[in-house]
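Colleague: Just a sequence and a predicted model for now, questions to come.
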Amino acid sequence: MSFEQSHWVWMNGKIVPWQNATLHVSSHALHYGSGVFEGIRCYDTALGPAIFRLPEHLERLCQSAQFYDLKIPYTSAQLDAAVCEVVRRNEFKSCYVRPIAYYGSNSLGVHPRNNPTETAIIAWPWAPFLNKNGESQGVRICISPWRKFHSTMMPTAAKACGQYINSILAVQDAQRRGFDEALLLDKHERIAEGSGENLFVVKDGRVLTNDSRHSILMGVTRDSVLQLARDNGISVETRDLQLEDLATADEAFFTGTAVEVTPISEIENHRTWPNSPGPITKKLADLYRAVTTGKDSRYHHWLRPVAG
Ligand SMILES: Cc1ncc(COP(=O)(O)O)c(C=O)c1O
């Protein structure tokens, strides 16, 4: 990941040079994680640089803000235009886009009632990550000793800054032990999700994943992959997933904006899939790539060209 090529940031309604996009050390969000954000990708397509499922990401940003009573002083149309402007000004063809809204500086009482909302959008080139060979060969994952917080503890449907402390602990533990990524179980020991991804398993030709009852963030990529599977004759089922489902699966993969569709090749102490990616994972990864890069015109409505 590199910020070097990123020269312009949208901050509180204006485009400013990267080095001027700063916040004060007394900002509420720095101390308590009181902000919300999105992770979005812009793809190089035949329609020019285009943002994938921008309305869905902006809607989730606004819903995340509502959980924390954070009033974002811009409409979705203004944020939509701002995202496109950041990509255009930086002259990116493809990049990752990170809008963030957070409680700024005024008081450090835990209740942020008197703190202003600050809103910013940054963008930078970021190839799909996890293991560099992840997309072709699959990633090795472990079961995290950290549980995913339950939806009665924090709103798991919100993508809020402070909530990621749980993911940080899990991924630090995973990488310390030589794995690429962590899989977190929920408080009932059912599968929740990765530190920044949703999980799918493939069994007997069916694609299975869990849902909001299992304390996951409802991913936009998850939704896209479910739709692509259904539209292409692959049957899908949404239900709780146990570790046993993973251990007996024919294939497994992660989905997320950052990792796209990433096959899993090993799960600590449970299973390896030496021929990862399996055929259904590969098919869905290929379909997803065709859709995000605009090669499948049936899904052009999911792309927002930044020029238009
Ligand atoms: C905890 C968590 N789960 C799932 C996802 C996947 O969500 P999406 O597909 O919308 O990127 C993400 C990434 O945003 C995440 O951080």
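Modeller: Done, it's in.

Colleague: In this structure Gly256 contacts Glu197, no?
Modeller: Yes - with contact defined as C-beta atoms under 8 Å, Gly256 reaches Glu197; the gap is 3.9 Å. All C-beta atoms are positioned from the backbone trio N, CA, C, and that covers glycine.

Colleague: can you list residues touching both of these two?
Modeller: With contacts defined as C-beta atoms under 8 Å, 6 or more residues apart in numbering, the residues shared by Gly256 and Glu197 are 219, 262.

Colleague: out of the two, which sits in the more crowded spot?
Modeller: Counted by other C-beta atoms under 10 Å, Gly256 and Glu197 do not tie: Glu197 has more neighbours, with 30 against 23.

Colleague: what about that one, distance to Arg213?
Modeller: Distance of Glu197 to Arg213, given as C-beta to C-beta, to the nearest Å: 18 Å.

Colleague: ditto for Val236
Modeller: Counting by C-beta to C-beta, the gap from Val236 to Arg213 is 16 Å.

Colleague: got a list of what the nearest residue in space to Ser276 that is not next to it in sequence touches?
Modeller: Using C-beta to C-beta, 6 or more residues apart in numbering and skipping residues adjacent in sequence, the residue nearest Ser276 is Gly138, 3.4 Å away. By C-beta under 8 Å, 6+ apart, the contact list for Gly138 reads 131, 262-266, 273, 276-277.

Colleague: try Thr238
Modeller: With C-beta under 8 Å, 6+ apart, Thr238 has these contacts: 208-211, 226.

Colleague: Buried ones among the residues you listed?
Modeller: Buried members of the contacts of Thr238, scored by 16 or more other C-beta atoms under 10 Å, are 208-210, 226.

Colleague: would you turn these into JSON lines with pLDDT, distance to the ligand and secondary structure?
Modeller: JSON lines is the format used below for the buried ones among the contacts of Thr238 (pLDDT from 0 to 100; distance: C-beta to the nearest ligand atom, whole Å; DSSP: H, G, I helix; E, B strand; the rest coil):
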{"residue": "Leu208", "pLDDT": "98", "distance to the ligand": "16", "secondary structure": "strand"}
{"residue": "Thr209", "pLDDT": "98", "distance to the ligand": "11", "secondary structure": "strand"}
{"residue": "Asn210", "pLDDT": "98", "distance to the ligand": "11", "secondary structure": "coil"}
{"residue": "Leu226", "pLDDT": "98", "distance to the ligand": "11", "secondary structure": "helix"}
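
Colleague: Widest-spaced pair of the residues you listed?
Modeller: Greatest spacing in the buried ones among the contacts of Thr238, by C-beta to C-beta: Asn210 and Leu226 (11.7 Å).

Colleague: Which single one of the contacts of Gly138 is nearest to Ala65?
Modeller: For these, the closest approach to Ala65 (C-beta to C-beta) belongs to Thr262, at 28.7 Å.

Colleague: ok, Pro305 to Leu199 distance?
Modeller: For Pro305, the distance to Leu199 (C-beta to C-beta) stands at 32 Å.

Colleague: who has more neighbours, the two?
Modeller: The neighbour count for Pro305 versus Leu199, taken as other C-beta under 10 Å, is higher for Leu199 (25 against 16).

Colleague: Isn't Gln137 up against Pro263?
Modeller: Yes - with contact defined as C-beta under 8 Å, Gln137 reaches Pro263; the gap is 7.4 Å.

Colleague: what's the overlap in contacts for those two?
Modeller: 276-277.

Colleague: Looking at these two, which is more packed in?
Modeller: Between Gln137 and Pro263, counting by other C-beta under 10 Å, Pro263 is the more crowded of the two (23 against 16).

Colleague: The contacts of Thr238: which two are farthest apart?
Modeller: With C-beta to C-beta as the measure, no two of the contacts of Thr238 lie farther apart than Asn210 and Leu226, at 11.7 Å.

Colleague: what does the model give the residue in the stretch 51-200 of the chain positioned nearest to the ligand for pLDDT?
Modeller: The ligand sits closest to Gly196 of the stretch 51-200 of the chain, with a gap of 3.7 Å, by C-beta to the nearest ligand atom. Looking at Gly196, its pLDDT stands at 97.

Colleague: before we move on, what about the one 10 residues further on?
Modeller: Looking at Arg206, its pLDDT stands at 97.

Colleague: likewise His270?
Modeller: Listed pLDDT for His270 reads 81.

Colleague: Check the burial of it by counting its neighbours.
Modeller: 15.

Colleague: That one contacts Leu243, doesn't it?
Modeller: Yes - the pair His270 and Leu243 passes the contact test of C-beta under 8 Å, sitting 6.8 Å apart.

Colleague: Give me the common contacts of those two.
Modeller: Counting by C-beta under 8 Å, 6+ apart, the contacts common to His270 and Leu243 are Ile143.
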